[in-house]
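Colleague: Provide a 3D model corresponding to the input given below.
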Amino acid sequence: MMNEQRKKIRKAILIGLAAVCILALMIFLIFLAVGFVEIISPNNSYAIEITGLSSLAVNGTATVMVPIPVNVDGVPAISEEAFTRNRQPPGWRTEVRETSYGKMLAFTTTDDCAPDISAPFSELEMKGEPRVLAPVLAMPERMSIAEFTRAPEGTYTTVVFLDGFVPPENATSISFDLRYQGGGGKRHLVREDTRTATVNAAFSGTESGFIPVPANYYVVAGGFEL
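Modeller: From the prediction side, this is the model:
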């Protein structure tokens with residue numbers, strides 16, 4: 001009698017453990033299935049912060065130009081319409097302008113004093129490809145853009161532009177903080193690389209014309225992800 005009861009108890013325990021294992025497996029498979037079908041579009045954003053302009057007076061019309069993100073073939077990552085149709089920074093008008101170095105994003109103002117610029121731009125797209133901020137004036141060791149973007153990180157030279165400001169009587173500094181980020185999308189449990197290109201430069205408010213600046217590029221590797 002005791003043996004039969006033990007057998008029944010053991011059988012009930014085994015059935016219970018099997019049920020728990022089956023339930024755990026089902027929950028795991030559900031999460032796996034959700035992760036497998038989950039699709040996250042690649043990031044495609046460009047944030048522009050330019051400070052120190054508010055201390056400068058404008059001589060008629062002032063212009064500030066910054067590089068734009070492009071792929072290795074020079075195709076812009078964000079359309080001209082996105083740069084102009086989005087909410088523009090107060091006191092400024094934006095346009096993509098052709099220069100002697102190539103296309104750049106131009107900000108112009110006719111206000112007596114130029115306000116600082118804070119302008120985030122983004123546009124949805126499904127391409128996860130290398131991008132740099134262009135114009136590209138120089139690559140290290142004469143590398144091509146395609147060769148450069150295959151490295152995990154590096155520094156190259158781009159350019160910004162200032163014109164139409166009255167030179168300040170007192171020393172003042174203008175800072176450019178530009179950040180493009182692309183990629184990072186997720187499809188079928190695989191996250192793609194995230195690529196970032198940045199410019200962080202500061203110089204005197206007496207500067208004008210085209211000013212070469214260093215740009216940093218780095219890649220955060222993606223991979224399988226639950």
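Colleague: shouldn't Val159 be within a strand?
Modeller: Yes: Val159: assigned to a strand according to DSSP: H, G, I helix; E, B strand; the rest coil.
Colleague: low-confidence ranges in this protein?
Modeller: Along the chain, segments meeting pLDDT under 70 span 1-39, 86-87, 171, 185-189, 222-226.
Colleague: let's go with 80 and repeat that
Modeller: 1-42, 85-87, 125-128, 169-171, 184-191, 221-226 (pLDDT under 80).
Colleague: which residue is nearest the middle of it?
Modeller: Gln181 (1.4 Å; C-alpha atoms, centre = their mean).
Colleague: convert stretch 139-149 to PDB, retaining C-alpha atoms only.
Modeller: Only the C-alpha atoms of stretch 139-149 are listed here, as PDB (Å, rounded to 0.1, in the frame of the first residue of the first chain):
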ATOM      1  CA  MET A 139      40.800  61.400 -45.000                       C
ATOM      2  CA  PRO A 140      43.700  59.800 -43.000                       C
ATOM      3  CA  GLU A 141      46.400  58.200 -45.100                       C
ATOM      4  CA  ARG A 142      44.500  59.100 -48.200                       C
ATOM      5  CA  MET A 143      41.900  56.500 -47.600                       C
ATOM      6  CA  SER A 144      38.700  56.500 -49.600                       C
ATOM      7  CA  ILE A 145      35.400  57.100 -47.700                       C
ATOM      8  CA  ALA A 146      34.400  53.500 -48.200                       C
ATOM      9  CA  GLU A 147      37.700  52.200 -46.800                       C
ATOM     10  CA  PHE A 148      37.500  54.600 -43.900                       C
ATOM     11  CA  THR A 149      34.000  53.600 -42.800                       C
END
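Colleague: right, I'll call it a day here.
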